[in-house]
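Student: Sequence first, predicted coordinates after that:
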Amino acid sequence: AELDTLDLVVLAAILLGTVAYFTKGKLWGVTKDPYASSLANASGAKAGKTRNIVEKMEEQGKNCIIFYGSQTGTAEDYASRLAKEGKSRFGLETMVADLEEYDFDNLDTIPDDKVVFFVLATYGEGEPTDNAVDFYEFITNEDVNFTEGNEPALGNLNYVTFGLGNNTYEHYNSMVRNVDKALQKLGAHRIGDAGEGDDGAGTMEEDFLAWKEPMWKALAERMGLEEREAVYEPVFSIIEREGLTKESPEVYLGEPNKMHLDGTAKGPFNAHNPYIAPIAQSYELFSVKDRNCLHMDIDISASNLNYQTGDHIAVWPTNPGEEVDRFMNVLGLSEKRHTVVSVKALEPTAKVPFPTPTTYDAIVRYHMEICAPVSRQFLAQLAAFAPDAEARAEMTKLGAEKDYFYEKISLHHLNIARVLDIVGKGQKWTNIPFSAFIEGITKLQPRYYSISSSSLEQPKTISITAVVENTQLPGRDDPFRGVATNYLLALKQKQNGEPEPCPFGLSYELTGPRNKYDGIHVPVHVRHSNFKLPSDPSKPIICIGPGTGVAPMRGFIRERVQQAKNGEKVGKTLLFFGCRKSTEDFMYKNEWEEAKEILGDNFELITAFSREGPKKVYVQHRLKERAEEINQLLEQKAYFYVCGDAANMAREVNTVLSQIISEQRGIPEAKAEEIVKNMRSSNQYQEDVW
Ligand code: FAD
């Protein structure tokens, strides 16, 4: 048989994988996100900025560098927290550093009275985060070369590591594990354990807290540090600008960068620069009243954005008005919300995470995750600023007692303003320096969505399929609502002229800063992914996409329909879809019928409705019922795709597939598992899970 391009790519990938294995990662090349390099240029490589970490340490008088490899901001946050704690508790001269902004060939010249931290997230299938790719390649390279030629090369280096991972992925915390191994091999001295946080089990924060205490103890011992009463020192100064108002043209009211402020926004659009995209149309996919699932078509025709079927789109949300008000109110900032402020870093290595001058309102609405889970450590830190002794004692208790914190805070998904409101019994917390929030609350993050359209069919319109997060939790009057999906819901309601106030909607500043998003616009950028159809459309495919996991599968199937319409030969296409009830949340039902008309017997939809029969039926059960056919298709080199829930479904599908292969081929399960593993590494088995 002839080899098509994808086969070649796959073969090349296997070869590379094999080479990487035998060379222990020496030649291992990780594809970089095309946007990552432009980010690097935007942030790191500015003229005159040194990439020499040793020089930087000396210049700034630092003895503790905290590097982070971060994708969604959590690792960066942890790095900042460690920096702060190191300084306030132990008097370390700390500095947070983005891995992407430095070179590492002089790591061997860092003297042994200093320490380097590596806070490293693992991304996707065991990959480094975009900003850690170069560092990872460097440090795990067998022939790594340093400037001094010491023996062992890193004999002087003291380091600390913590990894952020998710145990539902196969390569759990592989970044921190591999980097730790590499550093050990080079003779560096690790202080404390190599910590690992698990997002999959939902214990990241607790894992971090449990790891860091013994680590600090070990570090203090090694470096002869004296612990002292931690005193809060602000990292940022907030200067109120009397000469400016929110009407002043130089004041940012939520614009993400200077180009957006000046009205000259242009591409490249990326994680630092969103495109304010018109929403062409939006509609509801569910037919029940209490749950919502949105379909949105985003028009990118007036931008230079492009996408490929299977990519992700990032949506930049704004916080709901009610939560912004609550936050302002509990801090006593309501009156001052439109006061113009400049924010300056008091510490030369700290970065202000948003452009200024701006207003308190804009900072809170557009730049801070004010609705996110709160950290126990943050509450302990805020205790010092409580309005009375009772509130202080309660904050200290919440900060110290894991189970108490869980029961009072986590269980009800309380955000920071709600906690302060409850603990302070309605009093205002006017003593907290605003800097503490800039330091302690994550920067508002874009949310990713698997694009549900086909770029062949509609290259300039990106579809989103998103279920709205709206959960009734014990001990709360109002349901917990997700930030981005309720923002999208509000946009959809406005676009369709639905009556307000809607029963589930929240009020958002939908017209954006200076009404720049008026006419139903949403800020977005595109992230390219490896979740891709075979380049030869005649190859069979098996798609497992229950719930919103159907999003990229819709893109795939629409693409195959288009290919068929263009006269191409399209192979067998199976879609396993699951939801609660055929009458409630059966998304895109009509579209599957249309696909059937074009693709005929080559398309089959297999459904699993979990709440219709006496027993719950899920996609993995349906998969098992089709064991013989699935095995045959795999033997014909069918591509296997899984999208949706990482914690349960994706794992079970993986297990069921191994069972199918084992039973159908009469081989031991271990052997079948090996086959599935190989399918993964050769891209025959692809996952897009969250
Ligand atoms: P958020 O406000 O971010 O809340 C999300 C969750 O965080 C909550 O459910 C809760 O568990 C937790 N949480 C938030 N605040 C608190 C609190 N105060 N206390 C405790 N817990 C809290 N989703 C789709 O619907 N369709 C898709 O196609 C899709 N594709 C994706 C592709 C990728 C690659 C990824 C990474 C994710 C994808 N998602 C998709 C998920 C999506 O990105 C969002 O996570 C989801 O829409 C929820 O966003 P939100 O802002 O509404 O909720």
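Tutor: Happy to help now that I have it. Keep in mind that what you see is a predicted model, and the values were worked out from it rather than measured.

Student: contacts, neighbours, all on C-alpha from now
Tutor: Noted.

Student: Mind listing what's buried along the helix ranked longest in the chain?
Tutor: Counting residues, the longest helix found in the chain (DSSP state H) is helix 204-223. If you call a residue buried by 16 or more other Cα atoms under 10 Å, then helix 204-223 has these buried ones: Met204, Glu205, Asp207, Phe208, Leu209, Trp211, Lys212, Met215, Trp216, Ala218, Leu219, Ala220.

Student: Among those residues, which ones lie close to the ligand?
Tutor: Applying Cα under 6 Å from any ligand atom to these, one finds that nothing falls near the ligand.

Student: So for Pro393, what's the nearest residue that isn't a sequence neighbour?
Tutor: If you look again at residue 393, you'll see it is Ala, not Pro. Among residues not flanking Ala393 along the chain, Ala383 sits closest, at 7.4 Å (Cα to Cα, 6 or more residues apart in numbering).

Student: Might one say that that neighbour is in contact with Ala389?
Tutor: No - when contacts are counted by Cα atoms under 8 Å, Ala383 is not listed as touching Ala389 (9.3 Å).

Student: For Ile462, grab phi and psi.
Tutor: Main-chain torsions, Ile462, degrees, to the nearest 10: phi -100, psi 130.

Student: Give me the neighbour count for it.
Tutor: When neighbours are defined as other Cα atoms under 10 Å, Ile462 has 29 of them.

Student: Can you name the residues bridging to the nearest residue to it once chain neighbours are set aside?
Tutor: Spatial nearest neighbour of Ile462, excluding adjacent residues (Cα to Cα, 6+ apart): Ile298 at 5.0 Å. Taking DSSP bridges as the rule, Ile298 bridges to Ile279, Ile462.

Student: Enumerate every residue touching Ile298.
Tutor: Residues in contact with Ile298 (Cα atoms under 8 Å, 6 or more residues apart in numbering) are Ala277, Pro278, Ile279, Ala280, Gln281, Thr461, Ile462, Ser463, Ile464.

Student: Can you tell me which of those residues are classed as buried?
Tutor: Buried, going by 16+ other Cα under 10 Å: Ala277, Pro278, Ile279, Ala280, Thr461, Ile462, Ser463, Ile464, out of the contacts of Ile298.

Student: so how many other residues sit close to the closest residue to the fifth one other than its chain neighbours?
Tutor: Same thing as Thr461. Excluding its sequence neighbours, the residue lying closest to Thr461 (Cα to Cα, 6+ apart) is Asp299, at 4.7 Å. Residues within reach of Asp299, counting by other Cα under 10 Å, total 21.

Student: Which pLDDT value belongs to Asp299?
Tutor: pLDDT recorded at Asp299 is 98.

Student: any idea how far it is from Ile438?
Tutor: According to Cα to Cα, to the nearest Å, Asp299 stands 34 Å off from Ile438.

Student: cool, and Val419?
Tutor: Note on Val419: its distance to Ile438, by Cα to Cα, is 17 Å.

Student: which of those two has more neighbours?
Tutor: More crowded of Val419 and Ile438, by other Cα under 10 Å: Ile438, with 21 against 18.

Student: Let me see the contact set for the more buried one.
Tutor: Contacts of Ile438 (Cα under 8 Å, 6+ apart): Phe236, Pro353, Met368.

Student: mind giving me a markdown table with these and columns for secondary structure and neighbour count?
Tutor: Below are the contacts of Ile438 laid out as a markdown table (DSSP: H, G, I helix; E, B strand; the rest coil; neighbours: other Cα atoms under 10 Å):
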| residue | secondary structure | neighbour count |
| --- | --- | --- |
| Phe236 | strand | 21 |
| Pro353 | coil | 16 |
| Met368 | strand | 23 |
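
Student: Closest to Gln495 out of these?
Tutor: Distance to Gln495 across these (Cα to Cα) is lowest for Met368, with 26.2 Å.

Student: Could you verify my assumption that the closest one touches Pro446?
Tutor: No - using Cα under 8 Å, Met368 makes no contact with Pro446, being 11.3 Å away.

Student: What about the closest residue to Asp325 other than its chain neighbours, how many residues nearby?
Tutor: In this structure, Asp325 finds its nearest non-sequential neighbour in Ser334, 7.2 Å apart by Cα to Cα, 6+ apart. By the criterion of other Cα under 10 Å, Ser334 has 16 neighbours.

Student: Pick out the residue in the stretch 151-300 of the chain sitting closest to the ligand.
Tutor: As assessed by Cα to the nearest ligand atom, the ligand sits closest to Cys293 within the stretch 151-300 of the chain, at 7.6 Å.

Student: How many residues are close by Val96?
Tutor: Neighbour number of Val96 under other Cα under 10 Å is 22.

Student: Just to be sure, it is in a strand?
Tutor: Yes - counting by DSSP: H, G, I helix; E, B strand; the rest coil, one finds Val96 located in a strand.

Student: Return the residues in contact with it.
Tutor: By Cα under 8 Å, 6+ apart, the residues touching Val96 are Ile65, Ile66, Phe67, Tyr68, Ala79, Ser80, Ala83, Thr349, Ala350.

Student: Pull out the buried residues from these.
Tutor: Ile65, Ile66, Phe67, Tyr68, Ala79, Ser80, Ala83, Ala350.

Student: returning to that earlier point: can you put the buried residues of helix 204-223 in TSV and add pLDDT?
Tutor: Shown next, in TSV, are the buried residues of helix 204-223 (pLDDT from 0 to 100):
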residue	pLDDT
Met204	95
Glu205	93
Asp207	97
Phe208	97
Leu209	96
Trp211	98
Lys212	97
Met215	98
Trp216	98
Ala218	97
Leu219	98
Ala220	97
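
Student: Check these and tell me the two furthest apart.
Tutor: Pairwise distances across those (Cα to Cα) peak at 24.1 Å, for the pair Met204 and Ala220.

Student: What's the separation between Phe531 and the ligand?
Tutor: For Phe531, the distance to the ligand (Cα to the nearest ligand atom, to the nearest Å) stands at 10 Å.

Student: Show me where the stretch 351-500 of the chain has its strands.
Tutor: Along the stretch 351-500 of the chain, the segments classed as strands by DSSP state E, counting those that start in this stretch run 358-359, 447-450, 461-467, 470-471, 480-481.

Student: Out of these, the one nearest Pro317 is which?
Tutor: strand 447-450 (7.6 Å).

Student: Next, see if that closest one gets close to the ligand.
Tutor: Yes - shown here: strand 447-450 in contact with the ligand (Cα under 6 Å from any ligand atom) through Arg447, Tyr448, Tyr449, Ser450.

Student: Any idea which of the strands of the stretch 351-500 of the chain gets closest to Ile110?
Tutor: Relative to Ile110, the nearest member of those by Cα to Cα is strand 447-450, separated by 38.2 Å.
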